[in-house]
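Visitor: sequence unknown, structure follows:
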DNA sequence: CGCAGCGGGAATGTCTACGATCGTGTCGAC
DNA sequence: GTCGACACGATCGTAGACATTCCCGCTGCG
């Protein structure tokens, strides 16, 4: 995809996609003129996008020194995941209380797809389904504020999440955790859903903490 | 007219202060030229501030239609407080685990000041100490991500929080809750601190929900 | 050989002007 | 009297030009 410059989507969205997609690597400098040319817009639009993504935590701006793609350390990734645990516990609880029958059925199907993906060794597909599951749970909760915050946190740690998905045996470990979450939500047990979601993300924190001790570089 | 233009603080900070301080009322239109003149800066700086506060959730921008001070409904205020409950529970737990002796002493002093404020009927002062306590707890936790998110959520619902503080008898109800939080933190009991903080904010949610049912206007 | 001062170049910060878009008031027809 | 079309005014969106700041390499001196 070569990129026919599409004037529809805003510069901020395109820049966000490029950062999350890894096109612009962490620590990479973001020069306004270059981005303006790249997206076929003026510097003003790029500046606005930079300000927006700065407050979102995706880029870092220093006065008179320019912007860079924010580098998130393992320590920060741990904090982000801990915050997610608190918020996603809340939305899991709400999803258990408020999801419609159709939504519960969809969640069950999602889990089955994830099981199939693990058996067939489709790691990339599993990772996609993983993100979908978390997103759908947030939507089922009808909790807009939490949903928005979670989406932001997920974006911030996207790089680490991606690395995590590629770890051997990780899917086998997280699948039963996801099943526990969905089971609780489908059963309408808010307490269990909250606990299961926290347990899941706590296990992610454990892996990250292990990386931190090993001094794994980003 | 008034206002010696102070070039030091950024336009975004001054605009944020004016919104939080109630100088610019919810729903009020934010015209770029007017703000530029008010703060003695160019329209560019105002635009950047508007974009920033938009992603922070304090202002609402519509394409080609201008910006307004975001009106947050009671429903949103409830969601915000629920999210705060999840995140502040986390920081309270961390504060209990990580606070230094000096910090624990300071928290104790804060509670004593709050008790004195309630006895002397200093509602405004109590409200200030309230904010300070929550802020200090977040700082003690050394959890930058959660601290940042909480600060943002608190700003978003600032208007409702302010109204809450003026409710008769509210201080008498929340003071023991605050004391329970501080006691748990000082004692180093993370579980209790988490539970106490959630109980406190759940009680705030109850009041807001009551307002919602009464159809209280902002 | 090391370091302080200095100048070139690049990128950001700000301002101003122009074009696009929307809300509103007016006028005319039915 | 009411409704719709038109035109005007106001405001946002974008682009470009100018001023400012900072980094880095160079030069000259100790």
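Guide: Great, that's in hand. Bear in mind that the values here come from a model prediction, so they are computed numbers and not experimental data.
Visitor: alpha carbons only for contacts and neighbour counts from here, please
Guide: Will do.
Visitor: doesn't residue A:67 fall inside a helix?
Guide: No. Judged by DSSP: H, G, I helix; E, B strand; the rest coil, residue A:67 forms no part of a helix; its state is strand.
Visitor: in the sheet, who's paired with it?
Guide: On the basis of DSSP bridges, residue A:67 is bridged to residue A:30, residue A:61.
Visitor: contacts only, for it.
Guide: Neighbour list for residue A:67: A:29-31, A:50, A:59-61 [criterion: Cα atoms under 8 Å, 6 or more residues apart in numbering or on different chains].
Visitor: surely residue A:164 is in contact with residue A:170?
Guide: Yes. At 7.5 Å, residue A:164 counts as touching residue A:170 under the criterion of Cα atoms under 8 Å.
Visitor: residue in chain A nearest to DNA strand D?
Guide: Using Cα to the nearest atom of the strand, residue A:42 is the residue of chain A that sits closest to DNA strand D, at 2.6 Å.
Visitor: that residue and residue A:36 touch, don't they?
Guide: Yes. Taking Cα under 8 Å as the definition, residue A:42 is a contact partner of residue A:36 at 5.4 Å.
Visitor: among these two, which residue is more densely surrounded?
Guide: Each of residue A:42 and residue A:36 has its neighbours counted (other Cα atoms under 10 Å in any protein chain shown); residue A:36 has more, 17 against 14.
Visitor: just to be sure, that one is in a strand?
Guide: No. Residue A:36 is assigned helix when assessed by three-state DSSP, not a strand.
Visitor: does chain B have contacts with the lowest-mean-pLDDT helix or strand in chain A?
Guide: Lowest by mean pLDDT, DSSP states H and E among the helices and strands of chain A is helix A:158-165, with a mean of 90. No. Against chain B, helix A:158-165 shows no contacts by Cα under 8 Å from any Cα of the partner chain, the least distance being 15.2 Å.
Visitor: after that helix comes which helix or strand?
Guide: Next along the chain after helix A:158-165, taking DSSP states H and E as the criterion, comes helix A:170-187.
Visitor: what's the helix or strand that that following helix is followed by packed up against?
Guide: Proceeding N to C from helix A:170-187, the next assigned helix or strand is helix A:190-214, under DSSP H and E. For helix A:190-214, the elements it packs on are helix A:74-98, helix A:170-187, judged by 3 or more Cα pairs under 8 Å, 6 or more residues apart in numbering or on different chains; DSSP states H and E.
Visitor: can you give me the buried ones in helix A:190-214?
Guide: For helix A:190-214, the buried set under the neighbour-count rule, 16 or more other Cα atoms under 10 Å in any protein chain shown, comprises A:190-205, A:207-209, A:212.
Visitor: same thing with stretch A:45-59?
Guide: For stretch A:45-59, burial by neighbour count (16+ other Cα under 10 Å) applies to A:45-59.
Visitor: how about residues contacting it?
Guide: Stretch A:45-59 is contacted by residues A:11-12, A:15-16, A:19, A:32, A:35-36, A:60-61, A:67-70, A:152, A:155-156, B:47-48, B:51-52, B:55-56 when judged by Cα under 8 Å, 6+ apart.
Visitor: perfect, that will be all.
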